[in-house]
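> I'd like to go over a predicted model; first the sequence, then the structure.
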Amino acid sequence: MIDAILQATPIPVMEQVARFAQARHTVLAGNIANVDTPGYRARDLSPELFRRRLAEALAARRSAAASQTAADAAYGAAAGPAGASRRAWPTSDWKSLLRHDENDVSLEQQVAAVAKNQIEHNLALAVISHQVRLLQAAISERA
């Protein structure tokens with residue numbers, strides 16, 4: 001029953017957003033750490049690919065929930081997001097000038113990407129925190 005309540009909130013989606021932002025932050029931090037490493041190629045996790053896969057998983061979950069039988073719904077069977085085991089791997093698609101040491105890391109691009117990623121991570125955590133507070137208020141019967 002509690003799983004069905006949590007699945008009805010944005011918490012599972014925001015959890016995936018926060019996990020992606022954390023993984024992307026690790027990749028971007030590695031790029032910054034290797035800004036002076038000869039031959040290093042910048043890597044990134046594609047936010048567009050993540051958003052597309054997340055939308056596909058949500059659509060699949062909605063269609064699975066819509067086709068769920070009344071008997072399954074009565075017993076609280078929850079449909080998990082499709083493709084949850086798929087992972088986004090780092091790519092090397094940063095477009096910047098190649099330096100004499102064949103390193104293509106642009107510190108400015110990396111810092112801007114880290115800042116944007118941090119904002120997305122903070123937003124996901126703020127939504128999760130708000131939803132948990134709402135659930136706590138509902139459980140304790142306080143408004």
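Ah, there it is. Numbers count the residues shown, from 1 in each chain.
> In contact with the residue most central in space within the chain, which residues?
The residue lying closest to the centre of the chain (Cα atoms, centre = their mean) is V17, at 2.3 Å. Listed by Cβ atoms under 8 Å, 6 or more residues apart in numbering, the contact set of V17 reads L54, E120, H121, L123, A124. The C-beta positions use only the backbone N, C-alpha and C, and glycine is treated the same way.
> cool, and H25?
V114, N117, Q118, H121.
> How many residues are close by I11?
19 (other Cβ atoms under 10 Å).
> So it sits against I128, correct?
Yes - with contacts counted by Cβ atoms under 8 Å, I11 reaches I128, the gap being 5.6 Å.
> State the next helix or strand along the chain beyond the helix or strand bottoming out on mean pLDDT in the chain.
Counting by mean pLDDT, DSSP states H and E, the chain has its least confident helix or strand at helix 70-74, which shows a mean of 47. For helix 70-74, the following helix or strand on the C-terminal side (DSSP states H and E) is helix 107-140.
> buried residues in that next one?
Q109, Q110, A113, V114, N117, E120, H121, A124, V127, I128 (16 or more other Cβ atoms under 10 Å).
> Equivalent analysis for stretch 20-39, please.
F20, A21, A23, R24, H25, V27, L28, N31, N34.
> can you tell me which of the residues you listed are in helices?
Taking DSSP state H, the ones among the buried residues of stretch 20-39 that sit in helices are F20, A21, A23, R24, H25, V27, L28, N31.
> for these, which one is nearest F50?
F20 (5.0 Å; Cβ to Cβ).
> mind checking how far the closest one is from S46?
Counting by Cβ to Cβ, to the nearest Å, the gap between F20 and S46 amounts to 10 Å.
> Might one say that A124 is in contact with P12?
No - using Cβ under 8 Å, A124 is not in contact with P12; the gap is 11.3 Å.
> OK, contacts around the residue nearest to P47 when sequence neighbours are not counted?
What sits nearest to P47 in space, not counting adjacent residues and going by Cβ to Cβ, 6 or more residues apart in numbering, is R24, at 7.3 Å. R24 is in contact with D44, L45, P47, N117, counting by Cβ under 8 Å, 6+ apart.
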